[in-house]
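Asker: what follows is a predicted structure for the sequence shown.
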Amino acid sequence: MGRVETRVYRRRAKRTKLLYSLLFLLLIGISLLLWRGLPDNFAAEQISPQAQSKADEGASQKTETREITLPEERWYAIQTGVFSTEAAALEKADAYTKRGAPGTVMQEGEKWRVFIACYGDEQDAADVRARLAANQKVETYLFTWTCPEVRLRMTGKTGQLDAVEAGFVLMPSTAGALRDTAMELDAAQLTTQEVLAAVSELDRQLSLWEDTVRSRFAPSQPELVKGMLQLTDAWHGRLLRVRGSEGATALSAALKAQAMAMYADMKQWRTALMAQ
């Protein structure tokens, strides 16, 4: 009978913990690259909180079942306006960018929201809003962005499960790192060269994970893994905008757009998992 493990991934509040986690994932990734392809017997299904953990009795000793909880994630964005047309939203964002507060436009249904900053801590966002209101008379709205909790039961080879779990940690950590890096750039705590170097390292981490996952699930990939790879494919496509930005203000705006787009993709992906 396969072994059953229950794991819960918790949010990291400190940047130092994030850097250590990325380093840890890099070491895991290097070791995973030594692994060779395994049979395609991976499966994942959503489970209710009351469901009892059961291993697949027909699995071999090299196959295991794990229950994994992806905890709810919340971001707090400072919103300066909601518009019915993209053109109006871009005009508003450009106005804030010219004032030194890089604006970013995100589409939500038939609306376009304009954000000037995004945080992982509600109090940080509240403090900035208070300063904007007191010092610059800027009216803002705190937009709470929630990525729902998902509980999964996964069955497969140990190496396959390890690779998927690494992705569960790496993706939200990457989005959070982009978000926090943009804040540090706005505060002049990082140079543009340091930011671009950090982004390149994040890209290398994701590329390493992609190579590992593709090798472990060759020749075919389950739908769960395909969805995760779609998230990283979108990352690579948008990365050109970040690297092509000229100046700190444009780079900050691109970082925020990339971070929030990646977070929105994860929210959509988790919501789709819950509907299955």
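Answerer: Received it, and whenever you're ready, just let me know what you need.
Asker: and the gap between the spatially most central residue of the chain and Gln276?
Answerer: Nearest to the geometric centre of the chain sits Pro172, at 3.0 Å (C-alpha atoms, centre = their mean). Separation of Pro172 from Gln276 (C-beta to C-beta, to the nearest Å) stands at 20 Å. C-beta coordinates here come from the backbone N, C-alpha and C atoms, glycine included.
Asker: what's the helix or strand hosting the residue nearest to the centre of the chain packed up against?
Answerer: Pro172 is part of helix 158-186 when elements are defined by DSSP states H and E. For helix 158-186, the packing partners by 3 or more C-beta pairs under 8 Å, 6 or more residues apart in numbering; DSSP states H and E come out as helix 15-32, strand 63-70, strand 111-119, strand 150-157, helix 192-216, helix 223-243, helix 248-275.
Asker: now these in a markdown table, with mean pLDDT and distance to Phe83?
Answerer: As requested, these are exported to a markdown table (pLDDT from 0 to 100; distance: least, C-beta to C-beta, whole Å):
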| stretch | mean pLDDT | distance to Phe83 |
| --- | --- | --- |
| helix 15-32 | 46 | 33 |
| strand 63-70 | 92 | 32 |
| strand 111-119 | 91 | 5 |
| strand 150-157 | 93 | 32 |
| helix 192-216 | 95 | 29 |
| helix 223-243 | 91 | 21 |
| helix 248-275 | 90 | 16 |
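Asker: deepest-packed of those, please.
Answerer: strand 111-119 (a mean of 23; mean count of other C-beta atoms under 10 Å).
Asker: give me the below-cutoff pLDDT ranges for the stretch 51-200 of the chain.
Answerer: 51-61 (pLDDT under 70).
Asker: could you dump stretch 62-82 to PDB, C-alpha only?
Answerer: Output of stretch 62-82 as PDB, limited to C-alpha atoms (Å, rounded to 0.1, in the frame of the first residue of the first chain):
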ATOM      1  CA  LYS A  62       7.400   2.900  -5.000                       C
ATOM      2  CA  THR A  63       4.100   4.800  -5.400                       C
ATOM      3  CA  GLU A  64       2.600   7.000  -2.700                       C
ATOM      4  CA  THR A  65      -0.400   9.200  -2.100                       C
ATOM      5  CA  ARG A  66      -0.200  12.600  -0.500                       C
ATOM      6  CA  GLU A  67      -2.700  15.100   0.600                       C
ATOM      7  CA  ILE A  68      -1.600  18.600   0.000                       C
ATOM      8  CA  THR A  69      -3.200  21.900   1.000                       C
ATOM      9  CA  LEU A  70      -2.500  25.100  -1.000                       C
ATOM     10  CA  PRO A  71      -3.500  27.700   1.600                       C
ATOM     11  CA  GLU A  72      -5.500  30.800   0.800                       C
ATOM     12  CA  GLU A  73      -3.300  33.700  -0.400                       C
ATOM     13  CA  ARG A  74      -4.300  37.400  -0.100                       C
ATOM     14  CA  TRP A  75      -2.800  40.400  -1.700                       C
ATOM     15  CA  TYR A  76      -3.700  44.000  -1.000                       C
ATOM     16  CA  ALA A  77      -3.600  46.400  -3.900                       C
ATOM     17  CA  ILE A  78      -3.900  50.200  -3.700                       C
ATOM     18  CA  GLN A  79      -6.500  51.100  -6.300                       C
ATOM     19  CA  THR A  80      -6.900  54.600  -7.700                       C
ATOM     20  CA  GLY A  81      -9.700  54.000 -10.100                       C
ATOM     21  CA  VAL A  82     -12.000  51.600 -12.000                       C
END
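Asker: having no further points to raise, I will conclude here.
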